[in-house]
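# take a look and give me a structure for this.
(chains A and B)
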Amino acid sequence: MSLFTLKNLQILDMPPLELELEAGQCLSVTGDSGCGKSLFLRALADLDPNPGELFLDGKASSSYQPWQWRRQVGLLPSESSWWLAKVGDHFPGEGAALYQQLAALGLSADILNSPTHRLSSGERQRLSLLRLLRNRPVVLLLDEPTANLDENSSTLVERILKKYQQVNGGVLIWVTHDRSQARRVAHRHLRFSQHDVSEVKEV
Amino acid sequence: MNIITLSAADLSLAAILVIALGAVSLKLKLGQTRQLFVASLRCTVQLLLMGFILKLLFAAASPGAIIIMAFVMLLSAGQAVTSRMHRPLSGRWSYFFGVAAMFISSFTVTIFALFIIIDIKPWYTPQYAIPLLGMMLGNTMTGVALSMDTLTTSVFQNRNMIEGRLILGEKWREAVQDQIKGAIRTGLTPIINSMATTGLVSLPGMMTGQILAGSPPMIAVSYQILIMFLIAAGTGFGVIMAVHITARHLFDHRHRLRLDRLAGDNA
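The predicted structure follows:
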């Protein structure tokens, strides 16, 4: 039985989308801007109404409480939001594990004391990933997680995501504009075009 | 002390001041000249109409007439709330929610005042019921309009933040709590400020009126204190209710932020 199943999902005016993803799989999502990739991720996080159905572990999304669903199916948006004054306020009760993760992403522990409005876009992106991982999501929806990062940091993010998946055995759905990244991280590939979406063998 | 009646000529003198203000606003290109004149005109016509109706009501003193009057005032207040919002809810929801909140708070407080505090007999004595309700509604309306406007505007502006919180597994009420608090605070600020400065900086209209009409100052003062408390309670509960039902309406059963429920903008 597949871990994450999409039935009859409706994105813009495209034909309905059907997809079954097994534990440990990573699906890359590519396509031009404005084709509906972000809408696709929003639909999976149940942020927009959709006539389609989603199943996690064989259970329909409607049988989860909405907030439980979003903790299990975690979306990393391309633009993160920080509503508390300091970075550390968004990581309450975290100890050594967080410091390790910060270091693994090339961030110093001091960053927890910085005001959130002072963060660079690259720091925001990496921190928002760590914030999302605290929920231990089974499915990770990644909207260009390395868009604002240099090559070195991108590699660190790819590495931490792969490791997370190895340990937790979930599903990654990874939107990227970088085809070599898609080939590097994903086993399956979804391609969005103007009025169509389909799974392709090669990116 | 006899009340000095004002003639139409007296009022025209006061109107000249407004016309002068209009001329200046035209000169400064404030773009509010038209609004100023329409508002002055409406104020005159509506008050004359109200005076006429009050005259009839005072003569009739029937509970049915008072109740009809009260509802006309309530529905007009609902209309005013909606028209003051930059981003009203689509459909007639802003109107319904505004009316519901003002009805529950203003009417409850007015009835409480009429039956229990002032204990006037009969309760529908129009000299008490209509001015009381009018003051309650007027102030509650200001607070409700201000707070509903603040809520929808700030939810729209902070949509990414609110969704960012939903994404991390918060319930709708947590995700929008900052906007709810901000909107309630904005709605309550005018009455709190006005209570804090009344008697020191400003002499409230009702008290001034009573004194002009010959009431002893202490009686006018005690009525003013009563009214201030009633207005604070009515506005406060009205604002809290209006903000909560409006916020609730902006989310669906799956705790999704539904900006498509705001009129005019589906972004």
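
# which residue sits closest to whatever residue of the stretch 1-150 of chain B ends up closest to chain A, ignoring its sequence neighbours?
The stretch 1-150 of chain B approaches chain A most closely through residue B:90 (15.2 Å), counting by CB to the nearest CB. (Each C-beta comes from the backbone N, C-alpha and C, glycine too.) Sequence neighbours aside, residue B:263 is the residue nearest to residue B:90 in space, at 4.2 Å (criterion: CB to CB, 6 or more residues apart in numbering or on different chains).

# count of residues packed around the one you found?
Neighbour count of residue B:263, defined by other CB atoms under 10 Å in any protein chain shown: 16.

# does it touch residue B:92 like I think?
No: in this structure, residue B:263 is not within contact of residue B:92 by CB atoms under 8 Å, at 10.1 Å.

# just the strands in chain A please.
A:4-9, A:17-21, A:26-31, A:53-56, A:59-60, A:73-76, A:139-143, A:171-175, A:188-192, A:197-200 (DSSP state E).

# how about those strands, which one is nearest chain B?
strand A:73-76 (4.8 Å).

# can you give the strand pairings for the closest one, parallel or anti for each?
strand A:139-143 (parallel) (DSSP bridges).

# quick one: residues contacting residue B:216.
By CB atoms under 8 Å, 6 or more residues apart in numbering or on different chains, residue B:216 lies in contact with nothing.

# against residue B:207, how distant is it?
12 Å (CB to CB, to the nearest Å).

# also residue B:49?
From residue B:49 to residue B:207 the distance is 25 Å (CB to CB).

# more neighbours: which of these two?
Counted by other CB under 10 Å, residue B:49 and residue B:207 do not tie: residue B:207 has more neighbours, with 23 against 10.

# can you pull the pLDDT of the more buried one?
The score at residue B:207 is 89. That number is its pLDDT.

# so which bits of stretch B:216-229 are buried?
Neighbour-count burial for stretch B:216-229 flags B:220, B:221, B:223, B:224, B:227, B:228 (criterion: 16 or more other CB atoms under 10 Å in any protein chain shown).

# now those in TSV, with distance to chain A, secondary structure and pLDDT?
Supplementary listing: these in TSV, determined by distance: CB to the nearest CB, whole Å; DSSP: H, G, I helix; E, B strand; the rest coil; pLDDT from 0 to 100:
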residue	distance to chain A	secondary structure	pLDDT
B:220	48	helix	92
B:221	45	helix	93
B:223	45	helix	91
B:224	42	helix	92
B:227	39	helix	92
B:228	36	helix	93
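
# residue B:171 and residue B:255 touch, don't they?
Yes: at 6.0 Å, residue B:171 and residue B:255 qualify as touching, with contact defined as CB under 8 Å.

# what touches both of those two?
A:66, A:67.

# compare these two (neighbour count), which wins?
Taking neighbours as other CB under 10 Å, residue B:171 and residue B:255 compare with residue B:255 leading, 21 against 15.

# tell me the contacts of the residue lying closest to that one once chain neighbours are set aside?
The shortest distance from residue B:255 to any non-neighbouring residue, by CB to CB, 6+ apart, is to residue A:66 (4.0 Å). Counting by CB under 8 Å, 6+ apart, residue A:66 touches A:46, B:171, B:254, B:255, B:256.

# name the SS class of the fourth one, please.
The reference is to residue B:255. Secondary structure, DSSP: H, G, I helix; E, B strand; the rest coil: residue B:255 is coil.

# ok, it to residue A:47 distance?
Residue B:255 is 9 Å from residue A:47, by CB to CB.

# give the residues shared as contacts by the two.
residue B:166.

# can you name the residues of chain A sitting close to chain B?
A:45-49, A:66-68, A:70-71, A:74-75, A:77, A:79-81, A:83, A:131-132, A:135 (CB under 8 Å from any CB of the partner chain).

# please repeat the previous calculation with a cut-off of 7 Å.
Within chain A, the positions near chain B by CB under 7 Å from any CB of the partner chain are A:45-49, A:66-67, A:70-71, A:75, A:77, A:79-81, A:83, A:131-132, A:135.

# run the chain-centre distance for stretch A:15-25.
Between the centre of stretch A:15-25 and the centre of its chain there are 15 Å (CA atoms, centre = their mean, to the nearest Å).

# who's in contact with residue 113?
No chain specified, so I'll use chain A. A:86, A:88 (CB atoms under 7 Å, 6 or more residues apart in numbering or on different chains).

# my question was about chain B, not that one.
Residue B:113 sits in contact with B:132, B:230, where contact means CB under 7 Å, 6+ apart.

# on the three-state scheme, it is what?
Under three-state DSSP, residue B:113 falls in the helix class.

# also residue B:5?
Once three-state DSSP is applied, residue B:5 turns out coil.

# phi, psi of it?
phi -80, psi 150 (degrees, to the nearest 10).

# for residue B:12, see how far away it is.
From residue B:5 to residue B:12 the distance is 15 Å (CB to CB).

# tell me which of the two has more neighbours.
Taking neighbours as other CB under 10 Å, residue B:5 and residue B:12 compare with residue B:12 leading, 10 against 6.

# mind checking what secondary structure the more buried one has?
Under three-state DSSP, residue B:12 comes out as helix.

# go on, the one 4 residues further on?
Per three-state DSSP, the secondary structure class of residue B:16 is helix.

# mind giving me the domain split of chain B?
Chain B breaks down by automatic domain parsing into domains covering B:1-60, B:61-261.

# closest one to residue A:175 among those?
Distance to residue A:175, taken as CB to CB, is lowest for domain B:61-261 among the domains of chain B, at 14.9 Å.
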